[in-house]
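Asker: need a 3D model of the following:
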Amino acid sequence: MTHPPIGGNVSVANSPWTGSLLDEMRRTGDPPADSAISDVYASGQAEHVRQVLREFGRNSAGTPPGLPESLRVYFDDIAVLPEWADPALVDRGSALLGRYQPQMSTVLLCASLPLCYSCADGAQVLGRSQRLTSGVYRRLMETSQFLVDVLEKGGLGENAHGLRSAQKIRLLHATMRYHLSRDDEWNPDWGIPVNQEDLAGTLMSFSVVVPRGLHRLGIDLTVDERNAFFHTWQVIGHVMGVDSRLNPTDFDDGAALFDTILRRQQAESEAGTILTEGVLDFIREVLPGPAFAGVGPTLIRHLAGDETADLVQVPPSDAFVQAGVGAGSGLTSGYDTVGDTVPPTAELAGTLGTAVFKGGLRLTNSGRRYEWQVPTGLTPSS
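Answerer: The predicted model follows:
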């Protein structure tokens, strides 16, 4: 089977994703979340809010007491899923996690993140946030935990982990916009920090790149499965404040949007290279030993493509790992999906994905689940 590149393989003739629309979206933030965060800082309650939200998401309680009115309204309003959300489709899309969780985690690490980091202007946000770069292992584990939270059964239900995580990440984005937009070193040519085009690209890095990445691993979802998965992320995008104009209703439109964003935004940047090196370091930590030394570069080049890998300066693929994948050698963990037989490449991806949760949690959080925190600033301690 021939596998096309993850990016750039959908025709965008007569596409609604015009340059003028996306230029406008680079100047657009998230008004509800931005207003709530601005009120918090204006009232001097940032640390109080952080403490109140520390336990938010660890239980099934409603919106915690003690929040400023603007934040209470924010949490109450976005806790309601849109009318167009189809619970049956969401359940079907979420069920794919149980079959392919390790492989999905690997696609996230080795395709979604490098593709996002290859978009130079958007990478400036993460590159300028000490909290995100110096704490890269923690952030990678938080992102993996987010994937599990939103895709677990009932994860988007009332007061569920996935809904809480999405709400808090949306506030994290607003906090980053608040601080970076006031930073003298922020270049307006990059757009508003965490702008709508970048948010849409990030959303598609889940809803589009994960099915494409599974395909590259030799795991083909049915059309119905792929569409259900895409719908699930469409609902998640709504909760996370993605503008409805950049939250497509079907996979093909989403793929065209993602490919358009890549063509507009992909470029070399120091920030993108540093962030990708953090991913490679993380993979080396969770898969120690010479047999796995080339897994990171090989899987990134296989999943994200050589063009993207070159932009973020990923080393060449490892011939030994490639040979092992082709032969189905002892590089695999023996992970089996429910009711599926996966190809050797997917087995290797499963080895890495399993190690992310077992080894990554042990290395970075003593085996405990991660909870997203709303910072008071952009430093590691905040």
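Asker: which residues does the closest residue to L311 other than its chain neighbours contact?
Answerer: Spatial nearest neighbour of L311, excluding adjacent residues (CB to CB, 6 or more residues apart in numbering): S118 at 4.5 Å. Yep, even glycine has a C-beta here, placed from its N, CA and C like the rest. Contacts for S118 were tallied using CB atoms under 8 Å, 6 or more residues apart in numbering; they are L262, Q266, A267, G272, A304, T308, L311, V312.
Asker: contacting residues for the last one?
Answerer: Residues in contact with V312, defined by CB under 8 Å, 6+ apart, are P114, Y117, S118, E268, G272, T273, L275, T276.
Asker: please redo it, this time with the cut-off set to 10 Å
Answerer: Counting by CB atoms under 10 Å, 6 or more residues apart in numbering, V312 touches 113-118, 120, 123, 266, 268-269, 271-277, 279-280, 300, 304.
Asker: flag the helix or strand of this structure with the lowest per-element mean pLDDT.
Answerer: Across the helices and strands of the chain, the lowest-confidence element by mean pLDDT, DSSP states H and E is helix 130-133, at a mean of 50.
Asker: who does the helix or strand hosting R177 touch, helix- and strand-wise?
Answerer: Assessed by DSSP states H and E, R177 sits inside helix 161-180. In terms of contacts (3 or more CB pairs under 10 Å, 6 or more residues apart in numbering; DSSP states H and E), helix 161-180 is packed against helix 31-42, helix 46-53, helix 69-78, helix 120-127, helix 130-133, helix 136-151, helix 196-207, helix 223-239.
Asker: so what's G154 up against?
Answerer: P87, V90, D91, S94, A160, H161, G162, L163.
Asker: surely T249 and H238 touch.
Answerer: No: applying CB atoms under 10 Å as the test, T249 and H238 come out as separate, 11.2 Å apart.
Asker: these two - which one has more neighbours?
Answerer: Comparing T249 with H238 by other CB atoms under 10 Å, the one with more neighbours is H238, at 19 against 12.
Asker: for the more buried one, which non-adjacent residue is spatially closest?
Answerer: P82 (5.2 Å).
Asker: could I get the contacting residues of the one you found?
Answerer: Counting by CB under 10 Å, 6+ apart, P82 has contacts Q234, V235, H238, V239, S244, N247.
Asker: where does the stretch 101-250 of the chain dip in pLDDT?
Answerer: Within the stretch 101-250 of the chain, the stretches with pLDDT under 70 are 130-136.
Asker: how many neighbours does G157 have?
Answerer: If we define neighbours as other CB under 10 Å, then G157 has 15 of them.
Asker: can you check my assumption that it lies in a helix?
Answerer: No: using DSSP: H, G, I helix; E, B strand; the rest coil, the secondary structure at G157 is coil, not a helix.
Asker: so it sits against P87, correct?
Answerer: Yes: taking contacts as CB under 10 Å, G157 lies within contact range of P87: 9.2 Å.
Asker: for those two, list the residues in contact with both.
Answerer: L81.
Asker: quick one, the helix or strand hosting I261 and helix 196-207 angle?
Answerer: I261 belongs to helix 251-265 when assigned by DSSP H and E. Orientation check (axes from the mean of the first three to the mean of the last three CA atoms, to 10 degrees): helix 251-265 against helix 196-207 gives 130 degrees.
Asker: with just CA atoms, put helix 251-265 into PDB.
Answerer: Output of helix 251-265 as PDB, limited to C-alpha atoms (Å, rounded to 0.1, in the frame of the first residue of the first chain):
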ATOM      1  CA  PHE A 251     -12.900  15.400   7.200                       C
ATOM      2  CA  ASP A 252     -12.200  16.500   3.600                       C
ATOM      3  CA  ASP A 253     -12.800  20.100   4.400                       C
ATOM      4  CA  GLY A 254     -10.700  19.800   7.500                       C
ATOM      5  CA  ALA A 255      -7.900  18.200   5.500                       C
ATOM      6  CA  ALA A 256      -8.100  21.000   3.000                       C
ATOM      7  CA  LEU A 257      -7.900  23.600   5.800                       C
ATOM      8  CA  PHE A 258      -5.000  21.900   7.400                       C
ATOM      9  CA  ASP A 259      -3.100  21.700   4.200                       C
ATOM     10  CA  THR A 260      -3.800  25.300   3.400                       C
ATOM     11  CA  ILE A 261      -2.500  26.400   6.800                       C
ATOM     12  CA  LEU A 262       0.700  24.300   6.300                       C
ATOM     13  CA  ARG A 263       1.300  26.000   2.900                       C
ATOM     14  CA  ARG A 264       0.900  29.400   4.500                       C
ATOM     15  CA  GLN A 265       2.800  28.800   7.700                       C
END
